[in-house]
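1. Let's see this in three dimensions:
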Amino acid sequence: MARTHARFYTTIWRDPDFRALPGGAQRMYFFLASQANLTHAGVLPLTLGRWAACSADATEQGLLADLELLHERRFVVLDRATEEVMIRTFVVGDKVYKMPRVMGSMVASAQQIESPALRRTLLEEVARIPLDELSTEPTKKAPHLSIRVQVEGLIAELRESFGEPVASAGVGGEAPPVDPEPPGVDAPAFEADLELRYPIAPSVPGVPDWLAPLAGAMAQAGIVVPWKFKDNDLELLHADMERVGLRAMCVEAADAFAGASERPFSSRWFYPRWHALQVASVAPVIQMGSRRSNSRQAQVDDQFEQARRDAERRRAERLAAESRAGGGG
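-> Numbering: from 1, shown residues only. Sure, this is the predicted structure:
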C-alpha cells in the first residue's frame, strides 16, 4: 500500500547539519521523504524526470545537484548505477522498528535493493536501533513474542539475507555474551564440555525467551532450521518443555535429525516428535517468573497452562483409543 503521509519532527530545525544545507537541498530532502513510493527501508527509485515535473521551475540537473550534496553530507545514499536513493536514517528516524509488522515490511522491501552501497548502509542503520526501548513482555496476540524478540529476529533475517553471518554475531556486530544456565533448565547432553549459548538461528523471525535454550543448543549441534509457529504451536511446545524437559527434547531433535533422509524444512518438522515424547522420571521445568509481579505474564501463563491441560487430555484420549483398538484386535 502506498504511503499517504510523511512524518517530520520539528527538532530537525535544531540540527546544525540540516540548517547548514542550502534551501534547495532541504526541499529535496522533504520531497524524497514525502513520496508515496518510499519503502519502509527509506528507498525509492531515482526518477529525475518525474520529479522535475512536480515543480514549475525544477530541472533534472538541479535536482541531481541537490541529491549529490545530500549524498555528500550523508543525508541520503545515492547510487547512480542502480538508480536508487535511500534516506539514510529513515528506519530509525521514522520509528519503523517500533512496530514488528512495519519492520517486517521493511525487511521484505529491502530484499529488492540492488545497490551494495545501500545494503551496507541499511545494515549500519539497523545496528543503531535502540533495542532497549522495545518491550520484552509477551504480546497478547500470536505468536505471543515480545516486540524486542520479534525485531531482533527480523534484524537477523535481514543480515542473513544480505549474506552476513548472524549466528555468531549480535545485532551490533559483536559476539553475543555467554548466558548462564537459567534456573530450572537442564543442560543438553550432546557433549560433556558443550558451552551453551542462546543464539537465534539464521533466518529465524524470533523465538520466545523460554525456547531460546533449545534453539541455541540445536544450533550448536548443527541443527539450523527456520523456526516457524502456527496456530497453537507455542502453547504445545511450552507444554512439551514442562512435561519432558529440555534435555529430552534436545536428544530427540539430535536423534531425529541424524536419521532424517531429507533436510527438515523448518522447526515444525520436529514438533510431532516432541509431542509424542513420554514423560521423563524427573522433568525439568522452565520457570516463567513470578505471576504476582506481572499481570500480563500471568495471563500468558494461564494460556500455556490451559494448552498443556488440553494437550494432556488429547494424549490420554489417544492412548485410550489405541488401547481399545489393540484389545479389540
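
2. what does the helix or strand containing M28 rub up against?
-> Secondary structure from DSSP states H and E places M28 in helix 23-33. By C-beta atoms under 8 Å, 6 or more residues apart in numbering, the residues outside helix 23-33 that reach it are 6, 8, 18, 21, 38, 44, 51, 54, 62-63, 65-67, 69-70, 75-76, 85, 87, 90. In this view, the C-beta of every residue, glycine as well, is placed from N, C-alpha and C.

3. thinking H71 is in contact with L78, fair?
-> Yes - with contact defined as C-beta atoms under 8 Å, H71 counts as touching L78 (4.1 Å).

4. which stretches of the stretch 1-150 of the chain have low pLDDT?
-> 1-2, 141-144 (pLDDT under 70).

5. end to end, how far does stretch 138-155 reach?
-> This stretch, stretch 138-155, spans 19 Å end to end (C-alpha to C-alpha, to the nearest Å).

6. how far does the helix holding M28 sit from the chain's center?
-> From the chain centre to the centre of helix 23-33 is a distance of 32 Å (C-alpha atoms, centre = their mean, to the nearest Å).

7. any idea which helix or strand comes after it?
-> Using DSSP H and E, the first helix or strand after helix 23-33 is strand 43-45.

8. who's in contact with that next one?
-> Counting by C-beta under 8 Å, 6+ apart, 32, 35, 37-38, 83-87, 109-110, 113, 118 sit against strand 43-45.

9. Just the helices from this protein, written as ranges.
-> For the chain, applying DSSP state H gives helices covering 16-19, 23-33, 48-52, 60-72, 90-93, 100-110, 116-126, 147-161, 212-220, 233-244, 246-258, 271-275, 295-328.

10. Looking at those, spot the one closest to P138.
-> Closest to P138 of these is helix 295-328 (C-beta to C-beta; 4.8 Å).

11. Looking at the closest one now, give me its mean pLDDT.
-> Average pLDDT, helix 295-328: 66.

12. re earlier: now the buried members of the contacts of strand 43-45.
-> Burial by neighbour count, 16 or more other C-beta atoms under 10 Å: within those this picks out L32, Q35, L38, E84, V85, M86, I87, A110, I113, L118.

13. so what's the fourth one up against?
-> For E84, the contact set (C-beta under 8 Å, 6+ apart) comprises V43, L44, P45, L46, L78, I113, E114, S115, L118.

14. Let me have the residues you listed in CSV, adding distance to E317 as columns.
-> Formatted as CSV, the contacts of E84 follow (distance: C-beta to C-beta, whole Å):
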residue, distance to E317
V43, 53
L44, 57
P45, 58
L46, 63
L78, 64
I113, 52
E114, 55
S115, 58
L118, 56
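
15. can you pick the most crowded of those?
-> With neighbours taken as other C-beta atoms under 10 Å, the top of the contacts of E84 is V43, carrying 25 neighbours.

16. What is the burial count for the closest residue in space to H40 that isn't next to it in sequence?
-> Sequence neighbours aside, M106 is the residue nearest to H40 in space, at 3.8 Å (criterion: C-beta to C-beta, 6 or more residues apart in numbering). Number of residues near M106 (other C-beta under 10 Å) recorded here: 24.
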